[in-house]
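1. Sequence first, predicted model second:
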Amino acid sequence: MIPGLSLLSIVPAALLPLLLLLPQILLSPCRAHSRWKCPPPRSPSTGIKTGPCGSETNDFSLFPNDNGDELITEIYPGPLRVIFEESIHHTGAPFRISLSGDGIDDLDASCVLLDHIPHNDCCRPSLYDESTYTPYVITINIPNVNCERCSLQLANPMTDKIGGDGSPTGIGCTDPFGTCFSVYHSCTRPFRILGNGEAVSRSDYQCERLPGNWPEVWEGDNGVGVDASVPGLYRRESSIWSVVDFTLTAVPGDYAKDAGGICGDEGLKQQYKQSTTLSSNIETTTTVTKASITSTAATISTEESTTTTLVNESTTTTTTSNQSATVTSISGNSITTSTLLPNPTLSQPTPSLDQNSNPIIGQTTMQSSACQYCSCWTCITFALTIFTSMMYLQMCI
């Protein structure tokens, strides 16, 4: 490194975010493609390529709730609305939903509940923005069984990667145990199925035929119909999904209706019913009373702004100024007050002075000539960032 230079003086500010992102890119797993949303998935990853559940295969451990209690969701035979989502668009890549065995994920023990679920080609989600993920809402049928710990398995063959084989006249690819070389998987957390009086145990249950009213032709390349009648044989298969409730439009209404349960409208409302109405008067001086504790946030005469944030039962008041910032936090019965000094402002380096208070020309010349390296470092940094990102994305395909 040239004396007097730092990374900030060589790398343009516009490239610094890319440099800071590199460790995250290199150290984070691939988060691509599809996963369960409701029932909730065992793993938040959308990039599981080892079926049926990746590293969580045959792990039917229960997940503790906010109180630390390990509870299991109970469902009943019959219609069940489910939701899955896609984080990276793959044109025509269909989906398959299966029911696991009791406490076992082995594919030989699973029963396919719905196959050839067509892709929604409408959207282009952003991998790192979960709010853009494409949702799929569909109602499936749970068989009349008793199962202490069952799970739903989602498979997503990447038929957009098999070239001409995925066209309407192509040979397609098979899954599981077949020729679809790229398949993404996700499994739900365990749930209990409470069958009625005629129910059999999950281990004694014989998988039934797939629903007879499910379409056998979907839209393929260039809008040409593609055969989807053979279970486990996939090509590029797409259809239209509602932009209102994200249900499939070209199927009988039973597959689109809200069947209730944990993923129905009411069930979701209960899951996310955590909002609390909070109000406070925000003034230059803020007073908060909680459990017989009254605190007045300190202010200073040269203040520029005061911000109060109230979350659940804790309050944080921040007062900033040209000289300092005072932060008062109240949580439970404790109060914390901190004074923060402003960050030093960045300025141009001051040349060294000789004994007669004149600038030392040599020092100034050295720092100026060093800038000839800036454009070179810019090219190297940019090329390294692009190369690393491309290699990362290639691994995620």
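-> On my side now, so go ahead.
2. what comes into contact with stretch 166-185?
-> 32-34, 46-54, 92, 96, 107, 153-165, 220-221, 224-227, 232-236, 397 (CB atoms under 8 Å, 6 or more residues apart in numbering). No exception for glycine: its C-beta is placed from N, CA and C like everyone else's.
3. Out of those residues, list just those in helices.
-> With helices taken from DSSP state H, there is no overlap with the contacts of stretch 166-185.
4. Any of those residues buried? List them.
-> Neighbour-count burial (16 or more other CB atoms under 10 Å) is assigned, among the contacts of stretch 166-185, to 32-34, 46-49, 51-54, 92, 96, 107, 153-159, 162, 165, 220-221, 226-227, 232-236.
5. pLDDT weak spots in the chain?
-> Along the chain, segments meeting pLDDT under 70 span 1-32, 268-397.
6. Helices along that one, start to end?
-> Using DSSP H, helices in the chain cover 7-10, 16-27, 265-271, 361-370, 374-396.
7. Filter the buried ones among the contacts of stretch 166-185 down to the ones in strands?
-> Of the positions in the buried ones among the contacts of stretch 166-185, 34, 96, 153-157, 226-227, 233-234 sit in strands, assigned by DSSP state E.
8. okay if I get the residues you listed as TSV plus distance to Cys187?
-> Formatted as TSV, these follow (distance: CB to CB, whole Å):
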residue	distance to Cys187
Ser34	12
Arg96	13
Gln153	5
Leu154	7
Ala155	10
Asn156	12
Pro157	16
Val226	28
Asp227	29
Leu233	23
Tyr234	20
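9. Out of the residues you listed, the closest to Pro211 would be?
-> Arg96 (13.2 Å; CB to CB).
10. Show me what that closest one bridges to in the sheet.
-> Ala155 (DSSP bridges).
11. Distance of it relative to Leu152?
-> Using CB to CB, to the nearest Å, we find Arg96 at a distance of 11 Å from Leu152.
12. next one: Val82
-> When Val82 is compared with Leu152 (using CB to CB), they lie 7 Å apart.
13. Repeat that for Thr139.
-> From Thr139 to Leu152 the distance is 13 Å (CB to CB).
14. joint contacts of those two?
-> Joint contacts of Thr139 and Leu152 (CB under 8 Å, 6+ apart) are Val82.
15. residues touching the spatially closest residue to Gly172 that is not a sequence neighbour, list them.
-> Spatially, and ignoring its direct neighbours in sequence, Gly172 is nearest to Arg235 (4.4 Å; CB to CB, 6 or more residues apart in numbering). Arg235 sits next to 92, 159, 165-168, 170, 172, 220, 226-228 when contact means CB under 8 Å, 6+ apart.
16. Would you check which pair of these lies furthest apart?
-> Asp165 and Ala228 (14.8 Å).
17. from memory Ile72 sits against Ser151, does it?
-> No. The criterion here is CB atoms under 8 Å, and Ile72 misses it with Ser151 at 11.1 Å.
18. who has more neighbours, these two?
-> Taking Ile72 and Ser151 together and counting by other CB atoms under 10 Å, Ser151 has the greater number of neighbours (29 against 13).
19. For the residue lying closest to the more buried one once chain neighbours are set aside, grab the count of nearby residues.
-> Among residues not flanking Ser151 along the chain, Ser100 sits closest, at 4.3 Å (CB to CB, 6+ apart). Applying other CB under 10 Å, we find 27 other residues in the vicinity of Ser100.
20. just checking, Ser100 touches Val145?
-> No. Judged on CB under 8 Å, Ser100 makes no contact with Val145 at a distance of 11.4 Å.
21. Count the neighbours of Glu198 for me.
-> 7.
22. Could you measure from the spatially closest residue to it that is not a sequence neighbour over to Ser98?
-> Closest residue in space to Glu198, ignoring its immediate chain neighbours: Asn144 at 6.2 Å, by CB to CB, 6+ apart. Distance of Asn144 to Ser98, computed by CB to CB: 17 Å.
23. what's the answer for Thr91, then?
-> For Thr91, the distance to Ser98 - CB to CB - is 24 Å.
24. These two: who's more crowded?
-> Taking other CB under 10 Å, Thr91 and Ser98 do not tie; Ser98 has more neighbours (22 against 13).
25. Tell me how far that one lies from Gly54.
-> Distance from Ser98 to Gly54, by CB to CB: 15 Å.
26. repeat for Asp106
-> In terms of CB to CB, Asp106 sits 14 Å off from Gly54.
27. Also Thr169?
-> 34 Å.
28. and if you look at Pro79?
-> Counting by CB to CB, the gap from Pro79 to Gly54 is 28 Å.
29. go on, Gly223?
-> 35 Å.
30. try Pro77
-> Pro77 is 28 Å from Gly54, by CB to CB.
31. My guess is Pro77 contacts Ile140. True?
-> No. Using CB under 8 Å, Pro77 is not in contact with Ile140; the gap is 11.5 Å.
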